[in-house]
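Novice: this one's structure only:
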């Protein structure tokens, strides 16, 4: 049987943080995705979900640091990774979204010329 651990997100960047850890630089990017649905009154509503995506890839960290900013539309391919940590004496379990590829689909309009020059 074939198994696959793959996640794909298409959304707008709401935050980019470049951090330094024991193994070097890594990036955390928050991606906002929207969902449209009809409520009980049959009216269209929109809901946003914010996804915390981490990458340890040197090339992706560099791309996020130099070319990506808030409002840009990005396409993220990632995998899910189980993790745990101790908090107040209890073990807390969580799932990380770890990016393996990030593509820039569209820049936020007012920044396009500025980034093309870089």
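Specialist: That came in fine, so what should we check first? Computed from a prediction, not measured in an experiment: that's the story for all the values here. Numbering: from 1, shown residues only.
Novice: quick one: the strands in the protein?
Specialist: Assigned by DSSP state E, the strands in the chain fall at 7-21, 24-38, 44-55, 73-87, 90-106.
Novice: Nearest to residue 65, out of these?
Specialist: strand 7-21 (5.2 Å; Cβ to Cβ). For the C-beta atoms, the positions are set from N, CA and C on the backbone; glycine is no exception.
Novice: re the thing from before, just put the strands of the chain in a markdown table and tack on mean neighbour count.
Specialist: Shown next, in a markdown table, are the strands of the chain (neighbours: other Cβ atoms under 10 Å):
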| stretch | mean neighbour count |
| --- | --- |
| strand 7-21 | 14 |
| strand 24-38 | 15 |
| strand 44-55 | 13 |
| strand 73-87 | 13 |
| strand 90-106 | 13 |
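Novice: Tell me which of the ones you listed lies nearest to residue 1.
Specialist: Across the strands of the chain, closest to residue 1 is strand 73-87 (Cβ to Cβ), at 18.2 Å.
Novice: Okay, now the unreliable bits of the protein?
Specialist: 110-118 (pLDDT under 70).
Novice: out of the strands of the chain, which comes closest to residue 66?
Specialist: Between residue 66 and those, the shortest gap by Cβ to Cβ is with strand 7-21, which sits at 10.1 Å.
Novice: just checking, what packs against the closest one?
Specialist: On a contact count with 3 or more Cβ pairs under 8 Å, 6 or more residues apart in numbering; DSSP states H and E, strand 7-21 meets strand 24-38, strand 44-55, helix 58-67, strand 73-87, strand 90-106.
Novice: And the last one, what does it pack against?
Specialist: Applying 3+ Cβ pairs under 8 Å, 6+ apart, one finds that strand 90-106 contacts strand 7-21, strand 44-55, helix 58-67, strand 73-87.
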